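**Q** need a 3D model of the following:
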Amino acid sequence: MLRTKNSKYTISNQEFKTRRDKVLTYIESSGLKAFVLSSGTEKNYSNDVYYPFRVDSNFYYLTGFTESEAVLVLEPGAENPVRLYIKQADENMIIWEGERATIESSKETYGFDAVYDIEDYDDSLEKNLESDNEEKILKFIHSLRAIKSNAELDIMRRSNEIAIQAHSMLDSLIEVGIYEYELEAHLNRAFRSQGASGWAYPAIVAAGKNSCILHYIKNDQIINKGDLVLVDAGAEFNYYASDITRVYSPQNLSSEQQDIYDLVLGCQKQVIEKISEELPMKDLQDLAEKVIAEGLKQLGYIKDINNKDELKKYFMHGIGHSLGIDVHDPGLDRKKDLLMENMVITIEPGIYIADKAIGVRIEDNVVVKKNGYENLTEGLAK
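**A** Take a look at the predicted model:
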């Protein structure tokens with residue numbers, strides 16, 4: 001199993017500063033006043049137990065700061081245009097939870113114009129901003145997030161390597177009589193043992209009829225003879241997601257299962273080969289629907305390849321989505337936008353025949369290039 005220290009894959013403080021500078025320029029050029037963003041607060045699990053904190057994705061993208069209860073203020077023209085307010089640890093907190101960033105260390109490490117205690121934060125600026133102020137600025141930030149830097153791509157390559165290692169174990173583990181959660185446990189162990197913080201989203205380990213439930217996460221059923229096992233699982237490494245789906249089986253596929261699997265795989269190959277810069281994302285959806293509709297008609301599942309309602313009974317979701325800090329990263333409108341160089345998208349055609357308990361989805365993570373693509377998931381067998 002490949003192990004690598006997280007410190008090898010980092011985003012420089014200069015890159016975070018460049019992102020903030022772009023947002024400051026946008027705020028000023030758009031005639032807006034300021035932007036205020038919170039890192040988030042810890043969420044209660046039960047009684048006095050809390051979920052592990054995960055920083056707001058936009059906040060992380062602009063700061064690299066990962067602690068809770070912090071506030072970022074971007075205000076062009078102010079004496080200190082970039083201000084961070086942080087919660088500092090008192091002696092009791094240090095005993096129970098450990099050290100937190102200090103005002104001095106935060107200013108030195110991250111390069112903010114000024115850093116203050118959160119107790120000094122005055123929300124009057126935030127309250128007086130125009131109602132659509134945040135929406136406009138977030139849309140601009142999302143457009144930046146859609147195009148990955150070289151440093152981001154390196155992290156995402158590593159996130160995919162980790163997920164590939166995790167998936168690669170499953171073929172030898174799947175057998176009749178084990179439970180879905182046993183495979184989930186192996187995935188989670190592989191993620192953490194390779195330096196990922198954990199999963200990028202709750203794993204889908206779906207056997208038999210569960211493979212036709214798109215977001216099935218109970219993972220509590222036994223694997224029976226004849227089942228397909230659809231596994232959709234990705235790692236989060238240094239805040240960046242991978243998102244991979246493969247289909248496994250404890251035995252050879254039936255002829256009907258094989259037909260569906262081959263159709264999905266063939267569709268995915270055709271769609272991936274079409275990827276290039278300035279191609280409308282919608283063209284990939286249209287191609288996937290065409291290939292699957294023609295295949296389903298040939299196999300006798302539908303009668304009319306042009307009948308969208310017929311097709312949606314078996315293929316009812318998008319061909320893919322943007323991927324990055326969020327598993328469903330913002331910044332790409334799948335119906336309107338063109339693909340741009342260094343976008344990262346998933347390609348995940350699927351066919352679901354509920355009455356036959358046949359659910360097949362195959363998903364790879366792909367970087368858009370000027371004249372083609374880079375498949376980050378190429379190392380995992382299909």
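**Q** which SSE is Y45 in?
**A** Element membership of Y45 [criterion: DSSP states H and E] is strand 44-46.
**Q** same question for V367.
**A** strand 364-369.
**Q** which residues touch that strand?
**A** Residues outside strand 364-369 that contact it (CB atoms under 8 Å, 6 or more residues apart in numbering) are 148, 153, 156, 160, 242-244, 268, 272, 275-277, 323, 339-348, 373-378. C-betas here are computed from N, CA, C, even on glycine.
**Q** and the next element down the chain from the strand holding Y45?
**A** strand 49-50.
**Q** pull out the buried residues from the strand holding V367.
**A** For strand 364-369, the neighbour count (16 or more other CB atoms under 10 Å) marks D364, N365, V366, V367, V368 as buried.
**Q** leaving out chain neighbours, which residue sits closest to the first one?
**A** Using CB to CB, 6 or more residues apart in numbering and skipping residues adjacent in sequence, the residue nearest D364 is T377, 3.9 Å away.
**Q** pull the strand holding V367 out as CSV, backbone CA atoms only.
**A** The C-alpha coordinates for strand 364-369 follow below in CSV (Å, rounded to 0.1, in the frame of the first residue of the first chain):
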residue,chain,number,x,y,z
ASP,A,364,-13.9,8.2,-13.2
ASN,A,365,-12.4,11.6,-12.3
VAL,A,366,-11.1,13.5,-15.3
VAL,A,367,-9.0,16.6,-15.8
VAL,A,368,-10.0,18.7,-18.9
LYS,A,369,-7.0,19.6,-21.1
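**Q** which residues does the following helix or strand past that strand contact?
**A** Using DSSP H and E, the next helix or strand after strand 364-369 towards the C-terminus is strand 372-375. Strand 372-375 has contacts (CB under 8 Å, 6+ apart) with I272, I275, S276, D364, N365, V366, V367.
**Q** contacting residues for the residue nearest in space to the middle of the chain?
**A** Residue closest to the mean C-alpha point of the chain, counted by CA atoms, centre = their mean, is V327 at 1.3 Å. Shown in contact with V327 (CB under 8 Å, 6+ apart): A200, Y201, G234, A241, D243.
**Q** so of those residues, which ones are in strands?
**A** Secondary structure from DSSP state E places A241 of the contacts of V327 in strands.
**Q** confirm Q268 sits in a helix?
**A** Yes. With DSSP: H, G, I helix; E, B strand; the rest coil as the criterion, Q268 is part of a helix.
**Q** can you get me a residue count around N371?
**A** As a burial measure, N371 scores 7 neighbours (other CB atoms under 10 Å).
**Q** give me the pLDDT value at it.
**A** On the pLDDT scale, N371 is placed at 89.
**Q** give me the buried positions along whichever helix or strand N160 is part of.
**A** Assigned by DSSP H and E, N160 falls within helix 150-168. Within helix 150-168, the residues scored as buried using 16+ other CB under 10 Å are 152-167.
**Q** wait, isn't L37 in contact with F59?
**A** Yes. Using CB atoms under 8 Å, L37 makes contact with F59 at a distance of 5.3 Å.
**Q** of those two, which one has the most company?
**A** Using other CB under 10 Å as the criterion, L37 and F59 rank with L37 on top: 22 against 18.
**Q** does that one count as helix, strand or coil?
**A** L37 - assigned by three-state DSSP - is strand.
**Q** and for the spatially closest residue to it that is not a sequence neighbour, the neighbour number?
**A** Counting by CB to CB, 6+ apart, L37 lies nearest to L72, which is 4.8 Å off, once chain neighbours are set aside. L72: 23 surrounding residues under other CB under 10 Å.
**Q** quick one: E126 and N306, what's the gap?
**A** To N306, E126 is 51 Å away according to CB to CB, to the nearest Å.
**Q** what's the mean pLDDT across whichever helix or strand comes after the helix holding N160?
**A** Downstream of helix 150-168, the next assigned helix or strand under DSSP H and E is helix 170-173. Across helix 170-173, the average pLDDT comes to 95.
**Q** in helix 170-173, what counts as buried?
**A** Under 16+ other CB under 10 Å, the buried positions of helix 170-173 are L170.
**Q** following element in sequence after it, please.
**A** Defined by DSSP H and E, the subsequent element after helix 170-173 is helix 180-193.
**Q** any residues touching stretch 48-66, and which ones?
**A** By CB under 8 Å, 6+ apart, stretch 48-66 touches 11, 13, 16, 19-20, 23, 37-40, 42-45, 67-68, 70, 72, 74, 84, 86, 101, 106, 110, 138, 141-142, 144-145, 239, 325-326.
**Q** please look at Q251 and I223 and confirm they touch.
**A** No. The pair Q251 and I223 fails to qualify as a contact (CB under 8 Å) at a distance of 10.5 Å.
**Q** hey, what's in contact with both of those two?
**A** With CB under 8 Å, 6+ apart as the test, Q251 and I223 both reach V176.
**Q** can you list the low-confidence ranges for the chain?
**A** 1-7 (pLDDT under 70).
**Q** which residues touch L284?
**A** V271, K274, I275, I319, G320, I347.
**Q** again, only using 7 Å
**A** L284 is in contact with V271, K274, I319, G320, counting by CB atoms under 7 Å, 6 or more residues apart in numbering.
**Q** mind picking the two most distant members of the residues you listed?
**A** K274 and G320 (11.9 Å; CB to CB).
**Q** compare those two (neighbour count), which wins?
**A** Using other CB under 10 Å, the more surrounded residue of K274 and G320 is G320, with 26 against 15.
**Q** okay, and the nearest residue in space to the more buried one that is not next to it in sequence sits in which element?
**A** The spatial neighbour of G320 that comes closest, neighbours along the chain excluded (CB to CB, 6+ apart), is T346 at 4.2 Å. If you go by DSSP H and E, T346 is part of strand 344-347.
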